[in-house]
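> this one's sequence-less:
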Ligand code: HPA
């Protein structure tokens with residue numbers, strides 16, 4: 001990944017639309033219905049964007065939508081890139097470097113995740129407060145640091161901005177009467193779901209939810225000084241928590257069942273982020 005590639009991708013996107021968003025949204029598995037509410041939308045398939053990998057997961061559309069949500073300019077990734085599709089962590093995080101080159105300042109990163117915390121239940125929303133990543137590979141390894149502004153050693157202590165989390169949680173509860181959890185997201189590369197022993201280990205280590213995405217993008221966003229709001233939808237209780245087999249179909253079914261509340265949360269979150277200068 002080089003800065004020239006990143007710049008080339010950003011220039012290609014800017015040539016398709018006059019809208020210049022400052023906020024980006026990444027929609028996780030089964031969480032794309034909000035994309036139909038983007039107005040003045042320019043839809044750019046990932047496969048057309050230079051150097052930007054395509055999605056292979058059928059639950060991920062693979063389109064960058066630039067338009068407005070409640071009159072606020074946004075760049076929405078309908079579908080994301082995962083390591084389990086054969087992407088490196090760098091490739092998963094590449095769109096975030098492009099967003100930086102486009103002048104994006106804030107990002108909402110969403111996912112479907114397994115619930116580890118037994119206080120959670122299917123369909124709950126969790127604002128991510130922190131993450132755990134074990135694996136050696138990272139999105140910034142061995143890179144030309146100019147891709148992310150030359151910032152190689154940087155702090156991760158408030159990456160999931162506590163201030164933004166509390167603002168969004170407060171606004172969403174006031175408007176929708178629904179409480180949001182706040183919790184720690186553990187990254188596991190998948191594509192198989194975890195074993196019950198892995199889930200017990202993650203619980204001991206302090207994780208509340210587990211998923212196969214988000215962390216590569218968040219690390220790149222932190223390096224780029226882009227403010228992050230992370231949202232997990234508990235699409236299933238993690239392996240071994242309930243006496244039940246996990247399936248991708250159940251993940252999709254839960255995401256479909258909460259789609260109205262999820263859309264409301266994205267509207268609230270975009271508005272709160274827009275208000276924070
Ligand atoms: N584990 C990992 N990733 C997931 C899960 C899970 O249980 N549910 C949705 N994504």
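On my side now, so go ahead. Computed from a prediction, not measured in an experiment: that's the story for all the values here. Residues are numbered from 1 along each chain as shown.
> can you pull the buried residues of stretch 147-156?
Within stretch 147-156, the residues scored as buried using 16 or more other Cβ atoms under 10 Å are 147-148. Where you see a C-beta, it was placed from the backbone N, CA and C, and this is true even at glycine.
> same deal with stretch 169-186?
The neighbour-count check on stretch 169-186 (16+ other Cβ under 10 Å) flags 169, 171-172, 180-181, 183-186 as buried.
> and the residue of the stretch 1-150 of the chain found nearest the ligand, what element?
Nearest residue of the stretch 1-150 of the chain to the ligand: residue 114, at 2.2 Å (Cβ to the nearest ligand atom). Assigned by DSSP states H and E, residue 114 falls within strand 106-115.
> Sheet-wise, list the partners of that strand with their directions.
Using DSSP bridges, strand 106-115 pairs in its sheet with strand 23-27 (parallel), strand 209-211 (antiparallel), strand 227-237 (parallel).
> mean confidence score for it?
For strand 106-115, mean pLDDT is 97.
> ok, then the element right after that strand?
strand 125-133.
> Now do that next one and strand 106-115, the angle between them.
For strand 125-133 against strand 106-115, the angle between stretch directions is 90 degrees (axes from the mean of the first three to the mean of the last three Cα atoms, to 10 degrees).
> circling back: give me the number of residues near the residue of the stretch 1-150 of the chain closest to the ligand?
26 (other Cβ atoms under 10 Å).
> so it makes contact with residue 211?
Yes - in terms of Cβ atoms under 8 Å, residue 114 counts as a neighbour of residue 211; the distance is 6.8 Å.
> picking that back up, out of the buried residues of stretch 169-186, which sit inside strands?
Using DSSP state E, the members of the buried residues of stretch 169-186 that fall in strands are 181, 183-186.
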